[in-house]
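K.L.:
okay, structure incoming, though there's no sequence with it:
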Ligand code: ZN
Ligand code: ZN
Ligand code: FE
């Protein structure tokens, strides 16, 4: 049989995932000679053997790649036989392109877990144990190709034993770039503010209700025993955070199941390589301190994802509060010195280590809805994996929104969303936005020349985008971006209907939109209907739902509304009511809004559920929590087709809720009816629009669809009505996803070379 040679190229997530040892073993198995090499393009293999053997080898290569690998492209090219007599692993070379996908951080694997729990193992209780199947990646990578010297592990030269593992193609740690052991790797230190150093991982302090700042993978956490009310209360008080729920970490899946209902899909998500925080329904409300998640029946749960996290637990400690260590919406703290300064007065002890965190990365947040994963905060474990686009696009930077900012950079058919950067109106987050963009440019080896941004003139990302020179700039309406984002991740290119519901987005008419119906393709979306405008009396109203309830009552019912306000909004001072009336009469410091978020706020306040908002969506979340999901009766609403775009009036809803209040109907019933009414309203509008446009595909997007009750009710009705419904599963439905929609719209605008069709500004 004649020997032939092939050069095989594999692109995708193929570095740092055990790909070369896998190729090496496979080559031996199939009697292939030649070599394998990590290059900037991915993995290159030189294979010499008979045609049949190479074909079988190639097939096996694609059929069963290592668990964490993701093959995006593969090619083979015939070459001249060079006569290799064995198969070996070649040293990395710097190629001219950088098509290697960097792996996200991967939670500790079972093999490594066994080692750290085994007293006879040299890595017993060593917090930085990892292998090619697990460990830090994105958070420590400073440049590509992914080699130890280009990670923050460069500070830790390997000891001879680790080096042997690293060099052995048959070892689990072969070319595991962050490989380390107690002799050569990073170390933890447990200390207090006075500089006293303690041994261990702080178990005795947790048991004394102390709070420890723990440096993890993507940043610091504040950690305490979640069963200790005194600790949880102290953490709330010190962090000056009254309501926003704390996430917890459970020792293992069994503990998570003790406190929460865990479906098989939820268990799989908890234990997936990304190990996100998963929002679970609690079994009972009284088995943990109420201060963990005030007013809601769910709990954000994650499992230990690094060896260090496993070591925080012992036989008595089974559930720990694990909340991001930052000061009021500033970026997560990643630096030891910064932690000691900024967390003084919050943390009692500091469990720190000397491995630098290069890329700050929050915990991801996800949920399972009707058996499917939805991601609400996309960060650790998912970033920087790309989202596939329907077609190849130019290099575009989408700058994202303001709250929950992410940006998005495209390369070929891939869209790379940054990790969640938070509210970039905060200085520190904005700084992170500024330095993360060039990091992505370097990592992807691209230089965007097209920039897409939100139309809100005051968004930091928008100001920044407009100040960039030499770029083609494309402004994208906020809700258009939401809709396009959902279309992009579902690979939809055809026209669709969409209902987009959120709190705030700058509209084409200068009003604040947020309950919008569109029809069309991404670059040609027409506003078909929206919630009737209401004045929004000042930004402060977003934090004070009673003001919104008052506005609705007064605008809809005049003086009669004032009587209801007196009766049902007792927390709104009379003086403030007088000022509000003047403000509404004169339209002073008010903008018009069709926001769904504000409608939720208003009803929530009228029902006395939430009167003060400390985190985005709180009023709606608390209302969803108490809603009776079984109600059948809906309130009336007005669908006004006399004007274009059509308008949805909610007077009937407010009358209905007031009637319920007067008759003493339980709040749970009213809240349930409100949700059901919204679903019915959306269904009616979409049916009308289907009749007019012939479109049967419906896109659901916007932060309001994190509301599981509304999402389920609506999806069920629409599906039963014969619609094809798409929604978000890969990127957040909230503003964390709009950067993807921005680039999708920009790519279509560029492709068609249209401008100003649906308000997309296009400047050069
Ligand atoms: Zn491992
Ligand atoms: Zn070592
Ligand atoms: Fe939004």
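P.N.:
Structure received. These numbers come from a predicted model, not from an experiment. Ligands and ions are numbered 1, 2, ... in the order given.
K.L.:
when you work out contacts or count neighbours from here on, use the C-alpha atoms and nothing else.
P.N.:
Will do.
K.L.:
quick one: buried residues of stretch 378-386?
P.N.:
When burial is assessed from 16 or more other Cα atoms under 10 Å, stretch 378-386 yields the following buried residues: 378, 379, 380, 381, 382, 383, 384, 385, 386.
K.L.:
assign the fourth one to helix, strand or coil.
P.N.:
Yep, that's residue 381 we're talking about. coil (DSSP: H, G, I helix; E, B strand; the rest coil).
K.L.:
distance of it relative to ligand 2?
P.N.:
26 Å (Cα to the ion, to the nearest Å).
K.L.:
do you know how far the closest residue to that residue other than its chain neighbours is from residue 729?
P.N.:
Closest residue to residue 381 apart from its sequence neighbours, by Cα to Cα, 6 or more residues apart in numbering: residue 274 at 3.9 Å. When distance is defined by Cα to Cα, to the nearest Å, residue 274 is 15 Å away from residue 729.
K.L.:
buried ones in stretch 387-397?
P.N.:
In stretch 387-397, counting by 16+ other Cα under 10 Å, buried: 387, 388, 389, 390, 393, 394, 395, 396, 397.
K.L.:
how about the nearest residue to residue 212, chain neighbours excluded?
P.N.:
residue 349 (4.7 Å).
K.L.:
quick one, phi psi at that neighbour?
P.N.:
phi -140, psi 160 (degrees, to the nearest 10).
K.L.:
over to the one 5 residues further on?
P.N.:
Residue 354 has phi and psi values of phi -100, psi 20 when expressed as degrees, to the nearest 10.
K.L.:
picking up where we left off before, the residue nearest to residue 212 contacts residue 208, correct?
P.N.:
No: in this structure residue 349 lies outside contact range of residue 208 using Cα atoms under 8 Å: 11.9 Å.
K.L.:
of those two, who's got more company?
P.N.:
Between residue 349 and residue 208, counted using other Cα atoms under 10 Å, residue 349 has the larger neighbour count: 28 against 14.
K.L.:
show me the contacts for that one.
P.N.:
Residue 349 sits next to 190, 191, 192, 193, 210, 211, 212, 213 when contact means Cα atoms under 8 Å, 6 or more residues apart in numbering.
K.L.:
in PyMOL, select just the buried ones from these.
P.N.:
The following PyMOL line selects those of the contacts of residue 349 that are buried, judged by 16+ other Cα under 10 Å:
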select buried, resi 190+191+192+210+211+212+213
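K.L.:
any idea how far residue 139 is from residue 363?
P.N.:
In terms of Cα to Cα, residue 139 sits 12 Å off from residue 363.
K.L.:
what is in contact with the two at once?
P.N.:
residue 218.
K.L.:
any idea which of the buried residues of stretch 387-397 is closest to residue 550?
P.N.:
residue 397 (41.3 Å; Cα to Cα).
K.L.:
in contact with that closest one, which residues?
P.N.:
407, 408, 409, 410, 448, 449, 450, 451, 452, 743.
K.L.:
next step: those residues restricted to strands.
P.N.:
408, 409, 410, 450, 451, 452 (DSSP state E).
K.L.:
pick the one among those closest to residue 256.
P.N.:
residue 408 (34.0 Å).
K.L.:
partner residues bridging that closest one?
P.N.:
Beta-bridge pairing of residue 408 under DSSP bridges involves residue 398, residue 417.
K.L.:
what sits against residue 607?
P.N.:
568, 657, 661, 667.
K.L.:
same thing but 10 Å
P.N.:
Shown in contact with residue 607 (Cα atoms under 10 Å, 6 or more residues apart in numbering): 546, 549, 568-569, 601, 623, 657-658, 660-661, 666-668, 670-671.
K.L.:
of those residues, select the buried ones using a ChimeraX command.
P.N.:
Remark: buried members of the contacts of residue 607, expressed as a ChimeraX selection using 16+ other Cα under 10 Å:
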select :546,549,568,569,601,623,657,658,660,661,667,668,670,671
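K.L.:
which of the contacts of residue 607 sit farthest apart?
P.N.:
Across these (Cα to Cα), the longest gap, 19.5 Å, separates 546 and 666.
K.L.:
which element is residue 746 on?
P.N.:
Counting by DSSP states H and E, the element that carries residue 746 is helix 738-752.
K.L.:
count the neighbours of the residue nearest to residue 381 for me.
P.N.:
Other residues near residue 274 come to 21 when the count uses other Cα under 10 Å.
K.L.:
could you do residue 330 as well?
P.N.:
Neighbours around residue 330, by other Cα under 10 Å: 18.
K.L.:
surely it touches residue 430?
P.N.:
Yes: the pair residue 330 and residue 430 passes the contact test of Cα atoms under 10 Å, sitting 9.5 Å apart.
K.L.:
now do the shared contacts for the two.
P.N.:
By Cα under 10 Å, 6+ apart, the residues touching both residue 330 and residue 430 are 421, 422, 423, 424.
K.L.:
which one of these has the most neighbours?
P.N.:
residue 421 (29 neighbours).
K.L.:
the residue lying closest to it once chain neighbours are set aside and ligand 1: what is the separation?
P.N.:
Excluding the flanking residues, the one nearest residue 421 by Cα to Cα, 6+ apart is residue 405, at 5.3 Å. Distance of residue 405 to ligand 1, computed by Cα to the ion: 32 Å.
K.L.:
check the secondary structure at residue 671 for me.
P.N.:
Assignment for residue 671 (three-state DSSP): helix.
K.L.:
hmm, it is touching residue 633, no?
P.N.:
No: between residue 671 and residue 633 there is no contact under Cα under 10 Å: 11.4 Å.
K.L.:
list the residues that contact both of the two?
P.N.:
With Cα under 10 Å, 6+ apart as the test, residue 671 and residue 633 both reach residue 677.
K.L.:
in contact with residue 17, which residues?
P.N.:
Residue 17 touches 65-70, 102-103, 106, 131-135, 137, 175-177, counting by Cα under 10 Å, 6+ apart.
K.L.:
show me the contacts for the residue lying closest to residue 403 once chain neighbours are set aside.
P.N.:
Excluding the flanking residues, the one nearest residue 403 by Cα to Cα, 6+ apart is residue 423, at 4.1 Å. The neighbourhood of residue 423, defined by Cα under 10 Å, 6+ apart, consists of 329-331, 401-406, 429-430, 433, 460.
K.L.:
how many neighbouring residues does the residue in the stretch 201-350 of the chain that ligand 2 sits nearest to have?
P.N.:
Closest approach of the stretch 201-350 of the chain to ligand 2 (Cα to the ion) occurs at residue 307, with a separation of 16.0 Å. Residue 307 is flanked by 24 other residues according to other Cα under 10 Å.
K.L.:
pLDDT score for it?
P.N.:
Per-residue pLDDT puts residue 307 at 98.
K.L.:
so that it lines up with my notes, have the first residue be 17 from now on.
P.N.:
That works, and once the first residue is 17, the last one we named lands at residue 323.
K.L.:
tell me the domain ranges of this protein?
P.N.:
Domain ranges of the chain: 19-105, 118-201, 204-381, 402-492+750-779, 548-697, per automatic domain parsing.
K.L.:
mind putting those domains into TSV with distance to residue 712?
P.N.:
Below are the domains of the chain laid out as TSV (distance: least, Cα to Cα, whole Å):
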stretch	distance to residue 712
domain 19-105	32
domain 118-201	37
domain 204-381	30
domain 402-492+750-779	20
domain 548-697	17
